[in-house]
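> here's a sequence, model it:
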Amino acid sequence: MGNKALIVGASGVVGRALAQQLLDTGWSVHGLSRGRNAGVAGCTPIVADLASAGSVAAATAGIDVTHVFFTAWARQANEQENIRVNGAMVRNVLDSLGRARTLQHAALVTGLKHYLGPFEAYASGAVPDTPFRESQGRQPVDNFYYEQEDRLFEAAARDGFAWSVHRPHTIIGFAPGNAMNMGQTLAVYATLCRHSGEPFVFPGSAAQWNGLTDMTDARLLARHLEWASTTEAGRNQDFNVVNGDVFRWKTMWRELADYFGVEAAPFDGTVRPLEGRMQHAARAWREIAAQHALKEADVERLASWWHTDADLGRPMEVVTDMTKSRKAGFLDYQGTPDAFFDLFERLKAERLIPA
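You can find the predicted model right below:
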């Protein structure tokens, strides 16, 4: 039996990259989503309400997959609802697939909020020292990542498949319509600045501007997911996964500004969130889309102001340790500036930002 994957969230920033990676290496791939965004060519689409056990069971009936990858979550009003809804999504899929007894491995993508805490209690407790390491474990706060892990561990013990958990930092990748996409958001923001003649103002904190940080290219994460799900070294393990380089935003911001031909405003220590400054972005983007014959005139389909504000507004340094993956045999590397520029070129080629 060849490798047959089900990707939960196949139209998202991680799911799209993973679908392409697996298809390129000979997998059969099904993509489970709510059907709102187009997926990757060659990936068989399945539409279901992930929060409904009946909907998931009906949609996955007869699918004898060997691997399942969870790359999606549904944002709720508070963390208790995040726990209820996102834990149910994992449970519903694994309960359905476990009945077929063909599942060999289930991989769950979470993130560094495993160490930082959820958005509503972001870094409010005793955040572990950087660089974050897997051995630091969980924080004493409610966190839907922990609920998802527990449902994964429970099903794996019951049905006899292996698991892996993957914790990327902020992800850079191509996925129109995705709700958490800093790379596309910054591309849209820089394009708006060029259109208006306004400077490219850093929206985040002094800690992020001056401190070291890292990021995760969706393509590298896709290779990490495939590696962990097909090697003994990845069996029943949790892994951080980042590009492998570190940078400071005060340098990266100038590089991004230079790429788009806009002025990088000097940072004066004041946090200026994008969400509060983008009241006129929808109208301006429609003008830009009409002027340059872009495919997407709805700026909300490309930019996620709130998520970029949350990442760039962190009050502490965030750096991730990759030693566990390296020692286990995953040695891939991706330069973060190139990850940004590759994405920007793709956005131009797809006529989502002006060339």
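> T270: neighbour count?
9 (other CB atoms under 10 Å). No exception for glycine: its C-beta is placed from N, CA and C like everyone else's.
> mind checking how far the residue nearest the centre of the chain is from A339?
Computing the C-alpha centroid of the chain and ranking residues by CA atoms, centre = their mean puts I171 first, at 4.7 Å. In this structure, I171 and A339 are 10 Å apart, going by CB to CB, to the nearest Å.
> cool, and F247?
Separation of F247 from A339 (CB to CB) stands at 11 Å.
> what do you get for S325?
Distance of S325 to A339, given as CB to CB: 18 Å.
> repeat for A53
Relative to A339, A53 is positioned 37 Å away (CB to CB).
> which one's more surrounded, those two?
Neighbours around A53 and A339, counted as other CB under 10 Å, are more numerous at A339. The numbers are 22 against 16.
> just list the residues touching the more buried one, thanks.
Neighbour list for A339: I172, G183, M215, D217, N243 [criterion: CB atoms under 8 Å, 6 or more residues apart in numbering].
> in strands, which of those appear?
Counted as lying in strands by DSSP state E, out of these, are I172, D217.
> and the helices in this structure, which stretches?
13-24, 53-60, 79-98, 113-116, 144-159, 182-196, 206-210, 218-230, 249-260, 281-292, 305-312, 323-328, 336-349 (DSSP state H).
> so which elements touch the third one?
If contacts are counted by 3 or more CB pairs under 8 Å, 6 or more residues apart in numbering; DSSP states H and E, helix 79-98 sits against strand 4-8, helix 53-60, strand 67-70, helix 144-159.
> and with 10 Å instead?
Helix 79-98 sits against strand 4-8, helix 53-60, strand 67-70, strand 105-109, helix 144-159, with contacts defined as 3 or more CB pairs under 10 Å, 6 or more residues apart in numbering; DSSP states H and E.
> got it, and the shortest one?
Under the contact criterion of 3+ CB pairs under 10 Å, 6+ apart, helix 113-116 touches helix 144-159, strand 162-168, strand 237-241.
> so for R84, which of those sits nearest?
Nearest of those to R84, taken as CB to CB: helix 144-159 at 8.2 Å.
> so which bits of that closest one are buried?
Of the residues in helix 144-159, F144, Y145, Y146, E147, Q148, E149, R151, L152, A155, A156, D159 count as buried by neighbour count, 16 or more other CB atoms under 10 Å.
> okay if I get these as CSV plus distance to G329 and pLDDT?
Converted to CSV, these look like this (distance: CB to CB, whole Å; pLDDT from 0 to 100):
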residue, distance to G329, pLDDT
F144, 30, 96
Y145, 25, 97
Y146, 27, 97
E147, 30, 97
Q148, 26, 98
E149, 23, 98
R151, 28, 98
L152, 22, 98
A155, 26, 97
A156, 22, 97
D159, 27, 95
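> now do the contacts for the nearest residue to W227 once chain neighbours are set aside.
Nearest residue to W227 in three dimensions, chain neighbours excluded: F330, at 5.2 Å (CB to CB, 6 or more residues apart in numbering). By CB atoms under 10 Å, 6 or more residues apart in numbering, the contact set of F330 is L220, R223, H224, W227, A228, T231, A233, G234, F239, V241, M322, K324.
> looking at the residues you listed, which is nearest R301?
Nearest to R301, judged by CB to CB, of the contacts of F330 is L220 at 25.0 Å.
> residue contacts, the nearest residue to the closest one once chain neighbours are set aside?
Leaving out its chain neighbours, the residue that sits closest to L220 by CB to CB, 6+ apart is Q334, at 4.5 Å. By CB under 10 Å, 6+ apart, the contact list for Q334 reads 172, 215-221, 223, 242-245, 342.
> what do you get for R16?
By CB under 10 Å, 6+ apart, the contact set of R16 is 7, 9-10, 31, 37-40, 43, 71, 173-176, 178, 218-219, 222.
> quick one, which of those residues are buried?
Buried members of those, counted by 16+ other CB under 10 Å: 7, 9-10, 31, 37, 39-40, 43, 71, 173-176, 178, 218-219, 222.
> distance of Q139 from Y115?
Note on Q139: its distance to Y115, by CB to CB, is 7 Å.
> swap in H30?
For H30, the distance to Y115 (CB to CB) stands at 32 Å.
> higher neighbour count, these two?
Y115 (24 against 21).
> the more buried one and V127 touch, don't they?
Yes: judged on CB atoms under 10 Å, Y115 makes contact with V127 at a distance of 6.7 Å.
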